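# Make a model of this:
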Amino acid sequence: MIGRLDTAVKTSGGTSLSRLPAVVGGTARARSAVQEPGSGGLVAGVQDAVRQLVVASSMNDLLGLAAEAAARIGFTRVLFSRIDHGIWVTHNAYTAGDADFAEQLVAFGTAHSQQLAGQLLESEMLLSGAPILVCDAQSHPRVFHKIVKFTRTTDYVAAPVHVWGAPVAMIHADRYPDRSVQDIDRDLLGLYAGGLGLAIERAQLADRLKVINQASTSLGDRAGDDGPGGPSAQQHPPRLAAVSSLPRAERATERLSPREWDVLRSIALGKTNAQIAATLFLTENTVKVHVKHILRKLGAANRTEAAALYHRLTRRGPCD
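Next up is the predicted model:
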């Protein structure tokens, strides 16, 4: 039996926690499964899993919980992987009662990163946007054989994670060794992946708002000290002279790639290279290369000047 790629539940469009049961019931298979004894607990498990992600204190914590939270749906093993320039890179894993194997799985996957191309089922999954159920994984010709052999999995489900409309990660799960996964497991994992993507978007927006609020507070404090004879009267203004002039800077930013813009926005939010890597699903080395290119293109001496330039550009109104 080959892995099936038929469409399951929708995983985008602003799914809320209160609507999870209704969305799961959106297909005939899901409606039937939800009515089975004990299946209500699985739906509640998706709600609990997504709620756990939403209340994560930071982006790093959220991503660290991505695999473990899915266990609330009833899976015994979960693998969360990021997509880095078309490469399948394992990020974290959860295995019930065996934390050591979870670490080994991540290390093994990192050492055997796989290009997402050709006939690989996950490649087609990312293109279709639909979760998949793969049966007879040990003999299936279109699976990532090294991972399948290492985990000894017989069947599994997988789903893409979309952030701002783009697939940036994947999540895999099974019920090894006691039970096989079924259609409802694929549908539920797809719903969870949708919630995970929304949680990541929410965390990114929260980070941005936090920085904006901090900047507003700082500006307000400085304004209160700027009266005649106030402390600011004796202080020199912040050093911005080394930053390119605005017209020149605008021309420079036109040469930035979309990914470099993403990195620049993160720099302006005060994120470290490690935080940017986690947020954008990149390696730290890749982030360092992007930062180097951004500074060169903007003519900025350091990250502070690049961030100041970004804020100057984005602060301008549409008619300025």
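
# Helices along the protein, start to end?
Secondary structure of the chain (DSSP state H): helices located at 20-24, 28-35, 39-54, 59-70, 99-111, 121-128, 145-151, 183-224, 246-253, 258-268, 273-280, 284-298, 303-315.

# To Asp136, which of those lies closest?
Closest to Asp136 of the helices of the chain, according to C-beta to C-beta: helix 145-151, at 10.4 Å. The way it works is simple: take the backbone N, C-alpha and C, and place the C-beta from them, glycine included.

# any idea of the mean pLDDT in the closest one?
Mean pLDDT, computed over helix 145-151, is 95.

# what's the spacing between that helix and its chain's center?
24 Å (C-alpha atoms, centre = their mean, to the nearest Å).

# could you dump that helix to CSV, C-alpha only?
Extracted C-alpha coordinates of helix 145-151, given in CSV (Å, rounded to 0.1, in the frame of the first residue of the first chain):
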residue,chain,number,x,y,z
HIS,A,145,14.9,5.3,4.1
LYS,A,146,17.6,6.2,6.5
ILE,A,147,15.2,7.7,9.0
VAL,A,148,12.7,5.0,8.5
LYS,A,149,15.3,2.2,9.1
PHE,A,150,16.7,4.0,12.1
THR,A,151,13.3,4.4,13.8
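
# just checking, what packs against it?
With contacts taken as 3 or more C-beta pairs under 8 Å, 6 or more residues apart in numbering; DSSP states H and E, helix 145-151 sits against helix 99-111.

# So which residue is smack in the middle of the chain?
Geometric centre of the chain, nearest residue: Ile200, 5.3 Å, by C-alpha atoms, centre = their mean.

# now that residue, nearest residue through space, not along the chain?
Nearest non-adjacent residue to Ile200, counting by C-beta to C-beta, 6 or more residues apart in numbering: Val163, 5.0 Å away.

# With Ala71 instead?
Tyr94 (5.4 Å).

# And Leu280, by the same measure?
Per C-beta to C-beta, 6+ apart, closest to Leu280 is Asp262, 5.7 Å.

# That neighbour and Ala277 touch, don't they?
No. Asp262 is not in contact with Ala277 according to C-beta atoms under 8 Å; the separation is 11.6 Å.

# who's more crowded, the two?
Ala277 (21 against 17; other C-beta atoms under 10 Å).

# surely that one meets Val289?
No. Counting by C-beta under 8 Å, Ala277 does not reach Val289; the two are 11.5 Å apart.

# Low-confidence stretches in the stretch 1-150 of the chain?
The model of the stretch 1-150 of the chain has pLDDT under 70 over residues 1-42.

# Swap in 50 and give it another go.
1-38 (pLDDT under 50).
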